[in-house]
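> Sequence plus the predicted model coming up.
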Amino acid sequence: VAEHEDHGRMQYYKLATSSVGLLPRVNVLLPDGYDISRRYPVLFLLHGGGENYSTFDTKYDIRNHTAGRDLIVIMPDGGAAGWYSDPESSNVGPRNWETFHVDELIPWVDATFSTIAEFSGRAVSGFSMGGFGALKYTAKYHGHFASVSSHSGPSDLRGPDGSKITHWANASSALVELKGAMVYGAPWDEARVTADNPMENIEKYRGKRIFLVSGVDIDINESNVLPTQRNFGGALKAAGIPHERFEDAGGHIVRRERMQQDIDGIIAHLTKAG
């Protein structure tokens, strides 16, 4: 911990790590009446591109969504276009967001707060790039999260629709995150794409709560997201894997009512605080 500020329910941290060549920030939202003699389920909530650790607080009303609910919410930096990945290369020093989140942040959270430090007590959710990150982390580290949610997050990196997402990740990471380097490289690191691709890891979602939502009013981002969520939902259905999937009016946004529905579903699914 390089810096800590106590704001009651909201705890702010800067963390020092060799995985990321800066001090990544994390907001930790504690439940009302947080009691260290109890243990609480945890939600890792991942921001979208161009956003940061504070966005779910300043823009998406996470305090009210969780008021009165026994849930710890972890909101880390993930880079403006980090894509919740260890990039193929970097021109700005280490930007290994995946290693930071999975290998360092999760153990630190469990060591620092009174958590249910097991699969049944842990969920991951996110918006846009963060929705992709949530799906990716759930499959790639399939013993970590019992619930996964993707709010307008892309869910395929290949095929006629999915390949647009890989180009999107490469282009945005080169422009705003890595100074010309790319998450997946050019040509793509095919093994890396396969390992990260939700559509190529369908069986890893079996036995988990899955919540998906996308918009039908097509904008520059949702035009890429919607087809991949439809493909992903279809693959889950074909495999006989239960899931919730919604298509709502509007474009590439966080929907307040779906966020509340999701959080309440997460709490209902995870092991209860006690």
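Cool, the structure landed. Computed from a predicted model, the values in this text were never measured in an experiment.

> Which residue ranges of this protein form strands?
Assigned strands in the chain, in chain order: 3-7, 10-14, 25-29, 42-46, 72-76, 122-127, 147-151, 209-215, 244-248 (criterion: DSSP state E).

> which helices and strands sit right next to the longest one?
With contacts defined as 3 or more CB pairs under 8 Å, 6 or more residues apart in numbering; DSSP states H and E, the packing partners of strand 209-215 are strand 147-151, helix 222-238, strand 244-248, helix 256-269. Yep, even glycine has a C-beta here, placed from its N, CA and C like the rest.

> strands paired with the first one, and their directions?
In the sheet, strand 147-151 lines up against strand 122-127 (parallel), strand 209-215 (parallel) (DSSP bridges).

> Could you export it as PDB, CA atoms only?
Extracted in PDB, the C-alpha atoms of strand 147-151 (Å, rounded to 0.1, in the frame of the first residue of the first chain):
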ATOM      1  CA  SER A 147     -20.800 -15.400 -10.900                       C
ATOM      2  CA  VAL A 148     -19.900 -13.300 -14.000                       C
ATOM      3  CA  SER A 149     -21.700 -10.400 -15.500                       C
ATOM      4  CA  SER A 150     -21.100  -8.400 -18.700                       C
ATOM      5  CA  HIS A 151     -22.800  -5.100 -19.200                       C
END
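
> what residues does that strand touch?
For strand 147-151, the external contacting residues (CB atoms under 8 Å, 6 or more residues apart in numbering) are 123-128, 131-132, 134-135, 137-138, 205, 208-213, 229, 254-255, 258-259, 262, 265-266, 269-270.

> could you dump the strands of the chain to a markdown table with mean pLDDT and mean neighbour count?
Output for these, formatted as a markdown table (pLDDT from 0 to 100; neighbours: other CB atoms under 10 Å):
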| stretch | mean pLDDT | mean neighbour count |
| --- | --- | --- |
| strand 3-7 | 98 | 10 |
| strand 10-14 | 98 | 17 |
| strand 25-29 | 98 | 20 |
| strand 42-46 | 99 | 27 |
| strand 72-76 | 99 | 25 |
| strand 122-127 | 98 | 29 |
| strand 147-151 | 98 | 29 |
| strand 209-215 | 98 | 23 |
| strand 244-248 | 98 | 15 |
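
> measure the nearest residue to A195 once chain neighbours are set aside to N27 for me?
Spatial nearest neighbour of A195, excluding adjacent residues (CB to CB, 6 or more residues apart in numbering): K140 at 6.2 Å. K140 sits 24 Å away from N27, going by CB to CB, to the nearest Å.

> same check, this time on G82
Separation of G82 from N27 (CB to CB) stands at 17 Å.

> And for M75?
In this view, M75 and N27 are 4 Å apart by CB to CB.

> shared neighbours, those two?
With CB under 8 Å, 6+ apart as the test, M75 and N27 both reach 53-54, 56-57.

> Between these, identify the one with the most neighbours.
F56 (27 neighbours; other CB atoms under 10 Å).

> Read off the pLDDT value for that residue.
We note a pLDDT of 98 for F56 in this prediction.

> which residues does it contact?
Shown in contact with F56 (CB under 8 Å, 6+ apart): 27, 45, 47, 62, 73, 75.

> Pick out whichever of those residues sits closest to P87.
Closest approach between these and P87, by CB to CB: H47, at 17.6 Å.

> That closest one is in contact with S125, isn't it?
No - taking contacts as CB atoms under 8 Å, H47 lies outside contact range of S125: 10.7 Å.

> Now for Y12: which residues touch it?
Residues counted as contacts of Y12 (CB under 8 Å, 6+ apart) are 3-5, 25-28.

> Quick check: of the residues you listed, which lies closest to L175?
L175 has its nearest neighbour among those in R25, at 21.9 Å by CB to CB.

> List the beta-bridge partners for the closest one.
Here R25 sits in beta bridges with K14, as judged by DSSP bridges.

> My read is that it contacts P76, right?
Yes - counting by CB under 8 Å, P76 is a contact partner of R25 at 7.5 Å.

> quick one: common contacting residues for these two?
Jointly contacting R25 and P76 under the rule CB under 8 Å, 6+ apart are Y53.

> This completes my enquiry, with thanks.
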